[in-house]
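Engineer: Give me coordinates for this.
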Amino acid sequence: MSCLELSDETVAAEVISGKQELFRLLVDRHERRVTGMGYSFFHNADEAADFAQDVFLKAFHALSRFEGRSRFSTWLYRIAYTNALNRINRRKEYKSLSENEYESAYRTPEEEHIKTLTREAVRQAVSELPERYRICVDLFFFYDRSYDDIEIITGYPVNTIKSHVFRAKRILREKLKEFVEGAVP
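Structural biologist: Next up, the predicted model:
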């Protein structure tokens, strides 16, 4: 089995046992999402890259404390989330991942225009959600984290997370209702 086929947890155990060079595999596997989380919080590509580097450095130094009770990615995102909260505590701002710029595949000009309008409507609606809802929505929908993972990452109880996601969806449905009705001929 090649190193690329090893699970994150196995790679982490190998790094702990002395094969520190394998940590690069974990960075390669998770750098994009950790940087994306940084961008959600800091709205700046350079600061997001610095954030990701800091998160991986902290993760490397804390790796011996990874107990395997959750997936490695959940453990890593908890470090990232905590680090981000500590960094922005002074600023008190959080910008949802839905506000990031996404790469677009080739589309016709009309399709691109509709996509742009839809994206802007969703961004606006998500930006108006309370911060605690936006964080849960981002982790659930954009980072594909389970409720249990979000509990570990944010410290919110699972029922609170479910409630936040449910309420956010209800608010978004109402906010986007006019957009959808206006878009349907």
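Engineer: Domains in this structure, by residue range?
Structural biologist: 1-95, 105-185 (automatic domain parsing).
Engineer: can I get those domains in TSV with mean pLDDT and mean neighbour count?
Structural biologist: Placement of C-beta: from N, CA and C, glycine included. Output for the domains of the chain, formatted as TSV (pLDDT from 0 to 100; neighbours: other Cβ atoms under 10 Å):
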stretch	mean pLDDT	mean neighbour count
domain 1-95	86	16
domain 105-185	81	15
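Engineer: Give me the helices and strands touching the helix ranked longest in the chain, please.
Structural biologist: The longest helix of the chain (DSSP state H) is helix 158-183. Contacts defined by 3 or more Cβ pairs under 8 Å, 6 or more residues apart in numbering; DSSP states H and E place helix 158-183 against helix 109-127, helix 131-137, helix 147-154.
Engineer: what's the angle between that helix and helix 109-127?
Structural biologist: With axes from the mean of the first three to the mean of the last three Cα atoms, to 10 degrees defining the directions, helix 158-183 sits at 140 degrees from helix 109-127.
Engineer: Spit out the contact partners of Ala129.
Structural biologist: Quick fix: residue 129 reads Leu, not Ala. By Cβ atoms under 8 Å, 6 or more residues apart in numbering, the contact set of Leu129 is Ser96, Val137, Ala168, Ile171, Leu172.
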